[in-house]
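K.L.:
quick one, fold the following:
(2 chains)
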Amino acid sequence: DSGVTQTPKHLITATGQRVTLRCSPRSGDLSVYWYQQSLDQGLQFLIQYYNGEERAKGNILERFSAQQFPDLHSELNLSSLELGDSALYFCASSVWSAGELFFGEGSRLTVL
Amino acid sequence: AQSVTQLDSQVPVFEEAPVELRCNYSSSVSVYLFWYVQYPNQGLQLLLKYLSGSTLVESINGFEAEFNKSQTSFHLRKPSVHISDTAEYFCAVSERDDKIIFGKGTRLHILP
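P.N.:
Numbering: from 1, shown residues only, chains lettered A, B, ... in the order given. Next comes the predicted model:
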């Protein structure tokens, strides 16, 4: 158990819909990262937050947004969903920026 | 911007044989380097890391990796693999206090 909790574990929805993925980092970790894992693209960095502030942005689509709340949990919002958004979305946390990452078990999103 | 290349998407190897998983990175500054392992249906977990100091780093389960600055490589090796090493292995790089970028992963298949 990494200490990082992601919900939901599985989500099935339709194209055009909006979903929210939630992540609770390890106790004491200030950094939260979001990654998208798909068979063809591998593990793609989406966005990073540090103590509530956006720290770095990767290949995150404009249809996607995220935030980190004062209690340090984070949410990833995916809207206007397309078939190609089907993937495993991982959250990871670390004590400091660019430190060892602790990954959650992921949220598997299926868009039909 | 940093990037990571894992040339081998899959590596088959017989049990008890040695294995090397290759990783090359590109960066214009000093970096931190990591290997993560993903067992089936699980999140990623840190295998080993190079932050500074000795260029040879080891994990508790027999893997080792050597940082080679001149060749910008961080290859992962194990002298004798076990069936339990079956997993996907990800190399990652961070430009110190910056986002962590992952390679596309290498699936290690252990043959009986």
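K.L.:
C-alpha only now, for contacts and for neighbours.
P.N.:
Noted.
K.L.:
which residues touch the spatially most central residue of chain A?
P.N.:
What sits nearest the mean C-alpha location of chain A, by Cα atoms, centre = their mean, is A:Trp34, with 3.4 Å. If you count contacts by Cα atoms under 8 Å, 6 or more residues apart in numbering or on different chains, A:Trp34 has them with A:Phe45, A:Leu46, A:Ile47, A:Gln48, A:Leu76, A:Tyr89, A:Phe90, A:Cys91, A:Ala92.
K.L.:
poorly predicted segments of chain B, please.
P.N.:
Scanning chain B with the threshold set as pLDDT under 70 gives B:97.
K.L.:
likewise for chain A?
P.N.:
Along chain A, the parts satisfying pLDDT under 70 run over A:97-99.
K.L.:
what does it put close to chain B?
P.N.:
Residues of chain A lying close to chain B (Cα under 8 Å from any Cα of the partner chain) are A:41-45, A:48, A:56, A:90, A:97-106.
K.L.:
among the residues you listed, name the buried ones.
P.N.:
Among those, those classed as buried by 16 or more other Cα atoms under 10 Å in any protein chain shown are A:43-45, A:48, A:56, A:90, A:97-106.
K.L.:
between which two of those residues is the distance greatest?
P.N.:
Across those, no pair lies farther apart than A:Ala56 and A:Glu105, at 22.2 Å, counting by Cα to Cα.
K.L.:
what residues does the residue lying closest to B:Gly105 once chain neighbours are set aside make contact with?
P.N.:
Counting by Cα to Cα, 6 or more residues apart in numbering or on different chains, B:Gly105 lies nearest to B:Phe90, which is 4.5 Å off, once chain neighbours are set aside. Contact analysis of B:Phe90 by Cα under 8 Å, 6+ apart lists B:Trp35, B:Tyr36, B:Val37, B:Gln38, B:Phe102, B:Gly103, B:Lys104, B:Gly105, B:Thr106.
K.L.:
count residues in the vicinity of the residue lying closest to the first one once chain neighbours are set aside, would you?
P.N.:
Just to be clear, that refers to B:Trp35. Excluding the flanking residues, the one nearest B:Trp35 by Cα to Cα, 6+ apart is B:Cys91, at 4.6 Å. Look at B:Cys91: counted by other Cα atoms under 10 Å in any protein chain shown, it has 29 neighbours.
K.L.:
just checking, B:Cys91 is part of a helix?
P.N.:
No: B:Cys91 is assigned strand when assessed by DSSP: H, G, I helix; E, B strand; the rest coil, not a helix.
K.L.:
show me the contacts for it.
P.N.:
Contacts of B:Cys91 were listed using Cα under 8 Å, 6+ apart, and they are B:Val4, B:Gln6, B:Cys23, B:Leu33, B:Phe34, B:Trp35, B:Tyr36, B:Phe102, B:Gly103, B:Gly105.
K.L.:
the third one against B:Leu33, yeah?
P.N.:
The one in question is B:Cys23. No: at 10.0 Å, B:Cys23 and B:Leu33 do not qualify as touching, with contact defined as Cα atoms under 8 Å.
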